[in-house]
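J.: okay, sequence plus prediction incoming.
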Amino acid sequence: MKALLIMRPGGPDVLQLTDCPSPEPEMDEVRVRVHYAGINFADIMARRGLYPDAPPLPACMGYEFSGEVEKTGEGVKEFREGDRVFGLSRFQGQAEQVVVSSQQLFHIPEFMSMDQAAALPVNYLTAWVLLRVLGNLQADETVLIHNAGGGVGLAALDIATHVGARTLGTASAHKHEFLSRRGCQHLIDYRAGDWEPEVLRLTGNAGVELVMDPIGGRHLKKSYRVLRATGRLGMFGISTAAEGSGGRLLGLLRMATGMPFFHPVSLMNGNRAVFGVNMGRLWHEPEKVRQWMGALLEGVREGWVRPHVDKVFVAGLAGEAHQWIEARRNLGKVLLDFRNA
């Protein structure tokens, strides 16, 4: 089979489609013939040598996929050869074949396309935990969604709109029209000026109840400042580490520089909370993940969960897909097509 490997830390040219042995499913495992694999910012961080959870290089990344069941291991009863499925993988998903535990696999409903299914797992589960599980967003509250045009941002808009919360989003100006159609009520062009005073203006200087921050570094200080009493700051990324040039060490320095320290006493006195979400560290909670996915699939059936595929690249053009995301050109999910890799 063909697998997309990161051969060494570097630019998009270090990505290489490579012949690898087909994986064999063991007890309670399923092998899937991959049609589509999602790309997440963690893949870009890994390619640049900035992702601590990445496997040793050369490595095949990929946290999510959709496809057809090809082979099942002993003990698997829920899935059969030919079933349309999607799921989560602890790496190895960006390949023609992937083997995962049956607990990490889900049937694709008749009302979902194969590409929509690949766009669902990471973005929507991350947004669900940020907003509903840890963020506890309520109908009378306001949420600030940074990078609202990204995959997690769009997922958060769907969920927050369904809850009935007021939505503020930061995004570059050319994305505003699309995001307005997706339901974002107030959009801020972060490239045109400081977004912090605009958030305070829109909230009558009260601030917001929830902030979703994928950027990290100094940006977290500003996100924390716009919280009102009982506000929550949800962190789910450190994209500041991948900005600019200078290699791995400079990227790590950018990440660490200005990162705030949230003291328990100041949090207590300010009646605020700070939390983080990393779906890559939830493999030991398959029951919870299945419960959350069940709620999201019900949302798809009801029409308020709307996975949006921005662009599909053939697997051999994975480098162009990385560049597309790094340039922040995507609105929603970017996928790799492995059907003819």
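T.: Here it is on my side, so go on. Numbers count the residues shown, from 1 in each chain.
J.: ok, and for the longest helix along the chain, which residues are buried?
T.: Across the chain, the longest stretch assigned as helix under DSSP state H is helix 286-302. By neighbour count on 16 or more other CB atoms under 10 Å, the buried set for helix 286-302 is V289, W292, M293, L296, L297, G299, V300. Just so you know, the C-beta spots here come from the backbone N, C-alpha and C atoms, and that holds for glycine as well.
J.: helices or strands next to the helix or strand just after it in the packing?
T.: Moving toward the C-terminus from helix 286-302, the next helix or strand (DSSP states H and E) is strand 309-314. Judged by 3 or more CB pairs under 8 Å, 6 or more residues apart in numbering; DSSP states H and E, strand 309-314 is in contact with helix 114-118, helix 318-326, strand 333-337.
J.: how about the ones you listed in JSON lines, adding mean neighbour count, mean pLDDT and distance to Q103?
T.: Below are these laid out as JSON lines (neighbours: other CB atoms under 10 Å; pLDDT from 0 to 100; distance: least, CB to CB, whole Å):
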{"stretch": "helix 114-118", "mean neighbour count": "22", "mean pLDDT": "98", "distance to Q103": "17"}
{"stretch": "helix 318-326", "mean neighbour count": "19", "mean pLDDT": "97", "distance to Q103": "28"}
{"stretch": "strand 333-337", "mean neighbour count": "25", "mean pLDDT": "98", "distance to Q103": "23"}
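J.: from A95, how far out is L17?
T.: Per CB to CB, to the nearest Å, L17 is found 9 Å from A95.
J.: which residues are in contact with each of those two?
T.: Residues touching both L17 and A95 (CB atoms under 8 Å, 6 or more residues apart in numbering) are K2, A3, L4.
J.: quick check, the first one in contact with S22.
T.: What it means is K2. No - counting by CB atoms under 8 Å, S22 is not a contact partner of K2; they are 10.5 Å apart.
J.: look at those two and report which has more neighbours.
T.: Set side by side, K2 and S22 show more neighbours around K2, with 18 against 12, by other CB atoms under 10 Å.
J.: OK, contacts around that one?
T.: Contacts of K2 (CB under 8 Å, 6+ apart): L17, T18, D19, C20, A95, E96, A315, F338, A341.
J.: that one pairs with what?
T.: Under DSSP bridges, the beta-bridge partners of K2 are D19.
J.: E64 now?
T.: For E64, the beta-bridge partners are L88 (DSSP bridges).
J.: which residues does it contact?
T.: Contacts of E64 (CB under 8 Å, 6+ apart): A37, G38, N40, F86, G87, L88, S89, G93, A118, L120, P121, V122.
J.: give me the ChimeraX select line for those residues, limited to the buried ones.
T.: Selecting the buried subset of the contacts of E64 in ChimeraX, with 16+ other CB under 10 Å as the burial test, is done by:
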select :37,38,40,86,87,88,89,93,118,120,121,122
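J.: want to try JSON lines for the contacts of E64, with distance to G183 as columns?
T.: Shown next, in JSON lines, are the contacts of E64 (distance: CB to CB, whole Å):
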{"residue": "A37", "distance to G183": "28"}
{"residue": "G38", "distance to G183": "22"}
{"residue": "N40", "distance to G183": "23"}
{"residue": "F86", "distance to G183": "24"}
{"residue": "G87", "distance to G183": "28"}
{"residue": "L88", "distance to G183": "26"}
{"residue": "S89", "distance to G183": "30"}
{"residue": "G93", "distance to G183": "30"}
{"residue": "A118", "distance to G183": "23"}
{"residue": "L120", "distance to G183": "18"}
{"residue": "P121", "distance to G183": "22"}
{"residue": "V122", "distance to G183": "21"}
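J.: just the closest of the buried residues of helix 286-302 to P264, please.
T.: P264 lies nearest to W292 out of those, by CB to CB, at 28.4 Å.
J.: now do that closest one, the pLDDT please.
T.: pLDDT for W292: 98.
J.: just give the nearest non-adjacent residue to it, would you?
T.: Among residues not flanking W292 along the chain, W128 sits closest, at 5.2 Å (CB to CB, 6 or more residues apart in numbering).
J.: run a quick neighbour tally on that neighbour.
T.: By other CB under 10 Å, 25 other residues sit near W128.
J.: what helix or strand is it on?
T.: helix 121-128.
J.: any idea how far that helix is from the chain center?
T.: Offset of helix 121-128 from its chain centre (CA atoms, centre = their mean, to the nearest Å): 6 Å.
J.: specify the angle between it and strand 333-337 in degrees.
T.: Taking axes from the mean of the first three to the mean of the last three CA atoms, to 10 degrees, one finds helix 121-128 and strand 333-337 inclined to each other by 160 degrees.
J.: flag the helix or strand of the chain with the lowest per-element mean pLDDT.
T.: helix 247-256 (a mean of 57; mean pLDDT, DSSP states H and E).
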